[in-house]
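>>> Based on what follows, work out the 3D shape:
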Amino acid sequence: MKETVRFVSLCLMSAVLAALWGCATVQQTEPKAGARLEEPQAQVQAPVPKPAEQVQTQAVQPKKKAAASADAAAAKKQKTLAAIRSMSKLGDMAIQHLTEMSTMRDRDVRLAAIDALGGIDSPCALDPIITALSDDDRMVREKAVTFLIYRGPELTRVHVDRLTNIMHNAHKCWPDPAMDGATIYASHFAGKVLSKAESPFISPELAREGYEAMVHY
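Predicted coordinates for the structure are as follows:
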């Protein structure tokens, strides 16, 4: 009988200890009243750049924007120049507009206009090209000479007389030190055209005079 009572007591004691252990576990896992819940762990953030790296990044960004802007402007200009050159397809209708463009400040625009004028099959297109012999830029003058020599057979008497007058302008002023460079350049290139172009209105004497002007100036 005593053993039975002892066994029952042990069972009850085990049950009580188990219940007490369960309560202790719940108290450890559940937050206390008024206690602040733990916030979830924050996501891992990228390291903050150092001041020197920030300065370098800030300096590179404007350069990239400036480069992109310059590329866009260059692409736009190339399209504009291509459109100007294609105006040669309009023929006589485009001569007036191209004549104005051949005197603009932008050298590339002037070159494109001379290209277009050189592609127009009309004697009127040669007048602004002759004017370009006095251009301040050598590339423009050289391009004008190239077209005038190439289209030499189309040069009329009026064109030849005009080239002769341009060539003689330097003779009238020489050797005046105040003579402007445009006059010298124009005389040189006009003489070059007269010495090399094959026009029925350019006599051998005039061609020889043109050669002398080309060499002299």
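>>> tell me what the longest helix seen in the chain is packed against?
Assignment by DSSP state H gives helix 51-85 as the longest helix of the chain. The elements that helix 51-85 packs onto, with contact taken as 3 or more C-beta pairs under 8 Å, 6 or more residues apart in numbering; DSSP states H and E, are helix 107-118. Placement of C-beta: from N, CA and C, glycine included.
>>> next helix or strand past the helix it packs on?
Following helix 107-118 in sequence order, the next helix or strand is helix 126-131 (DSSP states H and E).
>>> burial measure for Ser187, as a count.
Ser187 sits with 28 neighbouring residues when counted by other C-beta atoms under 10 Å.
>>> hang on, the earlier thing: show me which positions of the longest helix of the chain end up buried.
By neighbour count on 16 or more other C-beta atoms under 10 Å, the buried set for helix 51-85 is Leu81, Ile84, Arg85.
>>> What does the pLDDT read for the first one?
What the model reports for Leu81 is a pLDDT of 97.
>>> And for it, nearest residue in space, chain neighbours not counted?
Once flanking residues are discounted, Leu81 sits nearest to Ala112: 4.5 Å by C-beta to C-beta, 6 or more residues apart in numbering.
>>> quick revisit: extract the C-alpha trace of the next helix or strand after the longest helix of the chain and format it as CSV.
With elements assigned by DSSP H and E, the helix or strand that comes after helix 51-85 is helix 95-101. Below are the C-alpha coordinates for helix 95-101, written out as CSV (Å, rounded to 0.1, in the frame of the first residue of the first chain):
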residue,chain,number,x,y,z
ILE,A,95,21.4,78.5,-105.5
GLN,A,96,20.2,81.6,-103.6
HIS,A,97,19.9,79.8,-100.3
LEU,A,98,23.3,78.0,-100.8
THR,A,99,24.9,81.4,-101.7
GLU,A,100,23.8,82.8,-98.4
MET,A,101,25.1,79.6,-96.6
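>>> residues making contact with helix 95-101?
Residues outside helix 95-101 that contact it (C-beta atoms under 8 Å, 6 or more residues apart in numbering): 84, 87, 109-110, 112-113, 116-117, 120, 122, 124-125, 127-128.
>>> so how many other residues sit close to the residue nearest to Leu81?
Ala112 has 23 neighbours, counted by other C-beta under 10 Å.
>>> and it, what does it touch?
Counting by C-beta under 8 Å, 6+ apart, the residues that Ala112 touches are Leu81, Ile84, Arg85, Met101.
>>> Dump those into a markdown table; add distance to Ile95 as well.
Below are the contacts of Ala112 laid out as a markdown table (distance: C-beta to C-beta, whole Å):
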| residue | distance to Ile95 |
| --- | --- |
| Leu81 | 18 |
| Ile84 | 13 |
| Arg85 | 14 |
| Met101 | 11 |
